[in-house]
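Novice: what follows is a predicted structure for the sequence shown.
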Amino acid sequence: MRLSLTILCGVFCASIPAFGDGPADRKPTDPQAVTSAPQAGASSLPVEALLTSTHVSGFAHSHDGRKLAYISDATGRPNLWIMNTDGTGAQQLIQSNDRQSSVARFTHDDTQVVYSQDRGGNEYYDIYVVPVSGGEPRNLTNTADVSETVREFSPDGKLLAIGVKQKTLPSVNLGLMEWPGGAIRLLTHETDPKATWSENAWSPDGKVLYATRSVGIDDSDIFRVDVATGKAEKLLEHTGKQLVSVSAVTPDGRTLLIASNEKGGYDNVALLDVDSKKLRWLTDTQWSAGSAAFTPDGGGAVYVLNADGRSSTRFVDLKTMRESDRGIPPGMNRPVGAPTPFLPDGSMLLSHEDSSHPGEYYRLARDNSLTQITHNANAELQHAVLPNSQLVAYKSFDGKLISAFVWVPFNLKRDGTAAAVVMPHGGPTGQTADFFSGRAELLASRGMVVIAPNVRGSTGFGMEFQNANIKDLGGGNLKDEIAGVEFLKATGFIDAKRVGIWGGSYGGFMTLMAIGKTPDVWSAAVDEFGILNWLSMLEHEDPSLQEYEKSLLGDPVKDRAVYEASSPLKYIRNEKAPLLVLQGENDIRVPKEEAQQVVDILKGEGRTVDAVFFPEEGHGFVKREHQREELTRALAWLQKYLQGVQADAGPSGSVR
């Protein structure tokens, strides 16, 4: 389907406000400016409309530009598929209960696809290869105690850069796999437990890998690594902590496209001359600008601007420094595809979505026409009319301005009777962006107002804001969530006695912290794989995540009081809200012991609590039958305790 830009905007565009140069330009939103749109015949969005719509990710194109490899859950499992670059000829390459990672690559001759696959959601990956024509895949590594992940082939296709992580060690190192032989040698040998390596780009001659070495969550450097010797040369020096990374190298190998937060802790994009080490800045913003790719001739660069959770793709002519969006309609626009988003004919792969329409993928031609290459949403979701998100800002307890997205049901009266649900995001170094949120739409279409705040600790607002919750998890950021509830009260839509909270991972931690620390605010809660006790987490989680936890809370011995004060365990017995707990059995990020502790404690206290432990699932549920039960149970729980509605809770899982 070829769509004009005007038609595409008519289908997808939500109201996009004008942005200033950064977070400081925001102003508090008048709560009365939050509105409920009229809509005749509005109805509840069925869970099945989400589940039977296809979700795809991880596009990689063949060297001849004819094929795309990608991950699709069309059959209820996130498996590897292949299709033509015009969207036709979709074919499932792998049929497995185990998930393939979203990074796959074509071999140099385009006859095979190399990918990574874990076991039962445990996130320890092996590297596999499968013929493009189909057939039995081969496990090339088969190492239960080592996780190997696909990165990028060298220009001649004789070496594959991979990530290598020992199960008992925290760091990820760079490795090289000989192709097609399969022998592996490590290129880096990291000794700092806080450090990890990631491959970013090959030099055009294949002699050098450009890589990022990250230390903790707020410091990184870029290196030129000699493929033959492993010698690593740091390309930029900086004082203090900075985040810098590489995304691409020009065809002549002389210039790198990088992202750096050197400018006051705000992410910006620059060109780095490899020989002189001089920088040429392409952006100067206090929003978050991330580098993406060079155009095939090296004369232009592409980056993504994330302004308050809404992103746009920008194109820069490197000779004139003129910038444009090439007429791409507003929405969540991102270049996609590997090893570059550009195909041999000069067209670019692009994803596009907004808060009320799920993502689809397009080809942007040289003449700026857009051709849709996926049709993921099923007929019901394609024709559903759903409320758009509304971007708001409000002051928290200390005057700090917090951004949030709000979904208001259609035809809602401003009479203070509606239920509301707070949806804290994961991380904590994460952000709620204005992507399609099936969960928010499920709730809003059932009459509940939803708010998803980007509280202190979120990315996208500068490093000072991101670090504002260090050693204060569940402190100031919980107060930011509460301030969001106060904002909703001021809109006049919601009943303060019918407020719930639903979050996963760090959002699950925030859920547990909220109902324990501020029990009178909440009337229902859903916790998905949330942390109860940071100290017990240290005993059971993966070593790399142990280091991440320490970067947030400090030394577990010296800062034990911080760990205890930041753990919901200290407060959970104050809980009053009925709690539903959902957990994967094989989660290495938030092990199931955390969920089991919550259930045991609250059952011992005689509280209203229910739990489902999903077998063969990790951090997040990927099997369709488990997703169905997850969403159906969560909706039924919130409807029952916030709206007094008895809904079908779905099938019975492993309930404890």
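Specialist: Nice, I can see it. Numbering: from 1, shown residues only.
Novice: which residues touch residue 222?
Specialist: 200, 210-213, 234-236, 244-246, 256, 258, 272 (Cβ atoms under 8 Å, 6 or more residues apart in numbering). For the C-beta atoms, the positions are set from N, CA and C on the backbone; glycine is no exception.
Novice: middle-most residue in this protein, spatially?
Specialist: Against the mean C-alpha coordinate of the chain, by Cα atoms, centre = their mean, the closest residue is residue 430 at 7.6 Å.
Novice: so which helix or strand takes in that residue?
Specialist: According to DSSP states H and E, residue 430 maps onto no helix or strand at all.
Novice: residues contacting the closest residue to it other than its chain neighbours?
Specialist: Among residues not flanking residue 430 along the chain, residue 459 sits closest, at 6.2 Å (Cβ to Cβ, 6 or more residues apart in numbering). With contact taken as Cβ under 8 Å, 6+ apart, residue 459 is in contact with 288, 427, 429, 430, 431, 466.
Novice: roughly how far does residue 459 sit from residue 267?
Specialist: Separation of residue 459 from residue 267 (Cβ to Cβ, to the nearest Å): 9 Å.
Novice: overlap of the contact sets of the two?
Specialist: With Cβ under 8 Å, 6+ apart as the test, residue 459 and residue 267 both reach residue 288.
Novice: buried set for stretch 278-295?
Specialist: In terms of neighbour count (16 or more other Cβ atoms under 10 Å), stretch 278-295 has its buried residues at 279, 282-283, 285-295.
Novice: which among the contacts of residue 222 end up buried?
Specialist: Buried among these by 16+ other Cβ under 10 Å: 200, 210-213, 235-236, 244-246, 256, 258, 272.
Novice: I figured residue 87 hits residue 372, correct?
Specialist: Yes - with contacts counted by Cβ atoms under 8 Å, residue 87 reaches residue 372, the gap being 7.2 Å.
Novice: ok, back up a step: regarding the residue nearest to residue 430, what is its secondary structure?
Specialist: coil (DSSP: H, G, I helix; E, B strand; the rest coil).
Novice: try residue 508
Specialist: With three-state DSSP as the basis, the three-state label of residue 508 is helix.
Novice: residue contacts, it?
Specialist: With contacts defined as Cβ under 8 Å, 6+ apart, residue 508 is in contact with 527, 528, 529, 530, 531, 590.
Novice: and if we set it to 10 Å?
Specialist: By Cβ atoms under 10 Å, 6 or more residues apart in numbering, residue 508 lies in contact with 424, 426, 501-502, 525-532, 568, 581-583, 590, 594-595, 598.
Novice: quick one: it from residue 620, how far?
Specialist: Taken as Cβ to Cβ, the span from residue 508 to residue 620 is 11 Å.
Novice: any shared contact partners between those two?
Specialist: 426, 528, 529.
Novice: name the nearest residue to the last one, sequence neighbours excluded.
Specialist: When the adjacent residues along the chain are set aside, residue 529 lies closest to residue 590, with 4.4 Å between them (Cβ to Cβ, 6+ apart).
Novice: any idea which element the one you found lies in?
Specialist: For residue 590, there is no enclosing helix or strand under DSSP H and E.
Novice: look up the pLDDT of it for me, please.
Specialist: Confidence at residue 590, expressed as pLDDT, is 93.
Novice: isn't it up against residue 581?
Specialist: No - between residue 590 and residue 581 no contact is recorded; they are 11.4 Å apart, counting by Cβ atoms under 10 Å.
Novice: anything in contact with each of these two?
Specialist: 508, 528, 529, 530, 532.
Novice: can you give me the helices in the stretch 351-500 of the chain?
Specialist: Assigned helices in the stretch 351-500 of the chain, in chain order: 379-383, 438-444, 463-466, 476-491 (criterion: DSSP state H, counting those that start in this stretch).
Novice: and residue 198, how many neighbours?
Specialist: For residue 198, the neighbour count with other Cβ atoms under 10 Å is 17.
Novice: pretty sure it sits in a helix.
Specialist: No - Residue 198 is assigned strand when assessed by three-state DSSP, not a helix.
Novice: what pairs with the residue lying closest to it once chain neighbours are set aside across the strands?
Specialist: Nearest residue to residue 198 in three dimensions, chain neighbours excluded: residue 212, at 5.1 Å (Cβ to Cβ, 6+ apart). Residue 212 forms beta bridges with residue 198, residue 222, as assigned by DSSP bridges.
Novice: before we move on, back to that, from residue 548, how far out is the residue nearest to residue 529?
Specialist: When residue 590 is compared with residue 548 (using Cβ to Cβ), they lie 12 Å apart.
Novice: same deal with residue 150?
Specialist: Distance from residue 150 to residue 548, by Cβ to Cβ: 23 Å.
Novice: try residue 634
Specialist: Using Cβ to Cβ, one gets 27 Å for the distance from residue 634 to residue 548.
Novice: circling back to that earlier point, quick check, nearest of the buried ones among the contacts of residue 222 to residue 489?
Specialist: Nearest to residue 489 out of the buried ones among the contacts of residue 222 is residue 245 (Cβ to Cβ; 41.4 Å).
Novice: grab the nearest non-local neighbour of that closest one.
Specialist: Closest to residue 245 by Cβ to Cβ, 6+ apart is residue 212, at 4.6 Å.
Novice: got the contact list for that neighbour?
Specialist: When contacts are counted by Cβ under 10 Å, 6+ apart, residue 212 touches 196-200, 220-223, 243-247, 258-259.
Novice: show me which of these is closest to residue 126.
Specialist: Residue 126 has its nearest neighbour among these in residue 199, at 18.2 Å by Cβ to Cβ.
Novice: I figured the closest one was touching residue 208, is that so?
Specialist: No - taking Cβ under 10 Å as the definition, residue 199 is not a contact partner of residue 208, at 11.1 Å.
Novice: can you pull the residues that touch both of these two?
Specialist: Shared contacts of residue 199 and residue 208, counting by Cβ under 10 Å, 6+ apart, come down to residue 225.
Novice: and residue 602, that's in a helix?
Specialist: Yes - when three-state DSSP is applied, residue 602 is found to be in a helix.
Novice: ok, back up a step: which neighbours do residue 87 and residue 372 share?
Specialist: 1, 360, 361, 362, 363.
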